[in-house]
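Student: could you look at this predicted model? Sequence included:
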Amino acid sequence: MNSKENRTDLINSLGIGIFAYLLILKICTLIEFIIQNTLIIAEASYELISLIPKTISLITYTLILLWMITKFNHLTKLNTRRTLITLIIGFFAITILYGLLNDFVELLLMDKFPFEFSLYYENLRTNILSKNYTFYFPLLKYVILVLVFLIRKKSIVK
């Protein structure tokens with residue numbers, strides 16, 4: 001393999017890492033959005049609406065991250081260009097889907113379930129405590145990412 005192919009594979013590999021991570025985050029955001037709106041419609045307590053979607057999103061994030069790291073561990077066996085293009089398409093597809101759901105479905109749901117959504121938003125405005133503890137969920141995703149890479153590095157070095 002010549003140096004031009006090595007540089008292309010390196011750039012593709014960086015793109016794979018970036019778009020794989022962005023795709024994971026978008027998938028988790030979409031799942032969190034769907035669960036949150038489902039719980040609002042079901043008139044679950046505000047605490048459950050705040051906690052369950054973020055917890056499921058964090059678990060999903062961890063599982064997908066571990067799966068992708070295992071899958072992409074041997075980049076030499078991958079067609080890096082095809083993998084990168086697939087991840088880019090997946091990222092934009094999920095981003096567009098989330099945008100459409102966020103813009104249209106939530107408006108329709110708010111129209112159909114005005115009491116449930118007004119109750120949720122009233123609780124959101126007045127419940128400062130839950131805002132404080134839900135702040136840490138996105139931070140946990142980065143901690144998990146660091147731990148996965150540190151543990152993975154140790155297992156590769158051995």
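Tutor: Yep, that arrived.

Student: isn't residue 141 up against residue 61?
Tutor: Yes - counting by Cβ atoms under 8 Å, residue 61 is a contact partner of residue 141 at 5.4 Å. Placement of C-beta: from N, CA and C, glycine included.

Student: what sits in contact with each of these two?
Tutor: Residues touching both residue 141 and residue 61 (Cβ atoms under 8 Å, 6 or more residues apart in numbering): 25, 28.

Student: those two: which is more packed in?
Tutor: residue 61 (23 against 18; other Cβ atoms under 10 Å).

Student: nearest spatial neighbour of the more buried one, chain-adjacent residues omitted?
Tutor: By the measure of Cβ to Cβ, 6 or more residues apart in numbering, the closest residue to residue 61 outside its immediate chain neighbours is residue 28, 4.7 Å from it.

Student: and what of residue 95?
Tutor: Spatial nearest neighbour of residue 95, excluding adjacent residues (Cβ to Cβ, 6+ apart): residue 26 at 5.6 Å.

Student: fine by me, we can end here.
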